[in-house]
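Q: After the sequence you'll find the predicted model.
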Amino acid sequence: MKPDWDRLMKDFENDPTKLVADVDCTTEDGEVLCQQHDVQGFPSLKWGDPSNLEEYNGGREYEELKAFADENLKPMCSVQNIDLCDEEQKSKIEEFQKLSEEELSKIVTDEEVKLSANEKQLEEDIEKLQASYENLMKEKDEKDKVIRDGGLGYMKAVLASKQKASLEAEDSADDASSSDEL
């Protein structure tokens, strides 16, 4: 992925409104930036408003990255670009701007707690689904074993033997009728 990312950075290096860059999270400055933007694994791709970067989950090949960048990396509605916002977005931003830093911080924390709870719930539900799947597979395997132990293998062998005998009998009858005709 690194060569494709480097190529994409080069494509946008002189663009006045788009930034494509990489950050080394192992350096002191990089570590701070990565913590600020909740970078968990590497490579992590983020995009959007610098004060509210979003996770990029698209393809990792150059063509996919380039198409996404061309379509999505542009000035967008934000606190710094309020003139790009529609009325609903402006109203939301203005509503939050009226709050004190303390009030807004509490709301942000509460919303982040909700996001964490959603993630935790998803993980728990996935574990339940996995356990259910494993139980279903175990039940299926047990039922399959009963069927196999009930003689299915022998049934198939006897059937194959009978079918072979029927074919041989047909071939013999065909051979006999052929020699009768001569």
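A: Cool, the structure landed.

Q: can we go C-alpha only for contacts and neighbour counts from here?
A: Will do.

Q: In contact with the residue nearest the centre of the chain, which residues are there?
A: Central residue of the chain (C-alpha atoms, centre = their mean): residue 57, 7.4 Å from the mean position. Residues in contact with residue 57 (C-alpha atoms under 8 Å, 6 or more residues apart in numbering) are residue 45.

Q: Doesn't it lie inside a helix?
A: No. Looking at residue 57 with DSSP: H, G, I helix; E, B strand; the rest coil, it is coil, so not inside a helix.

Q: so how many other residues sit close to residue 48?
A: Residues near residue 48, counting by other C-alpha atoms under 10 Å, number 19.

Q: Bridged to the closest residue to it other than its chain neighbours, which residues?
A: Once flanking residues are discounted, residue 48 sits nearest to residue 54: 6.1 Å by C-alpha to C-alpha, 6 or more residues apart in numbering. Following DSSP bridges, residue 54 is listed with bridge partners residue 47.

Q: Show the contacting residues for residue 54.
A: By C-alpha under 8 Å, 6+ apart, the neighbours of residue 54 are 46-48.

Q: The same query, at a cut-off of 10 Å, please.
A: Residue 54 is in contact with 37-38, 45-48, counting by C-alpha atoms under 10 Å, 6 or more residues apart in numbering.

Q: Closest one of those to residue 141?
A: Nearest to residue 141 among those: residue 45, at 42.2 Å, using C-alpha to C-alpha.

Q: The closest one touches residue 53, doesn't it?
A: Yes. Distance between residue 45 and residue 53: 9.4 Å, which falls inside the contact criterion (C-alpha atoms under 10 Å).

Q: before we move on, the earlier item: hmm, which of the contacts of residue 54 are the buried ones?
A: Burial of the contacts of residue 54 was assessed by neighbour count (16 or more other C-alpha atoms under 10 Å); the buried members are 37, 45-46, 48.

Q: For the chain, which residues score under the pLDDT cut-off?
A: 176-182 (pLDDT under 70).

Q: Name the helix or strand for residue 25, please.
A: Applying DSSP states H and E as the criterion places residue 25 outside every helix and strand.

Q: Would you mind giving both backbone torsions of residue 39?
A: phi -80, psi 120 (degrees, to the nearest 10).

Q: Counting residues, which helix of the protein comes out longest?
A: Ranked by residue count, the top helix of the chain under DSSP state H comes out as helix 101-147.

Q: Can you spell out which helices and strands pack onto it?
A: The contact analysis (3 or more C-alpha pairs under 10 Å, 6 or more residues apart in numbering; DSSP states H and E) places helix 101-147 against helix 87-97.

Q: Tell me which residues are up against the helix it packs on.
A: Contacts for helix 87-97 (C-alpha under 10 Å, 6+ apart): 77-79, 82-85, 103-104, 107.

Q: re earlier: max pairwise distance over the contacts of residue 54: which two?
A: Greatest spatial distance among the contacts of residue 54 (C-alpha to C-alpha): 38 and 48, at 14.2 Å.
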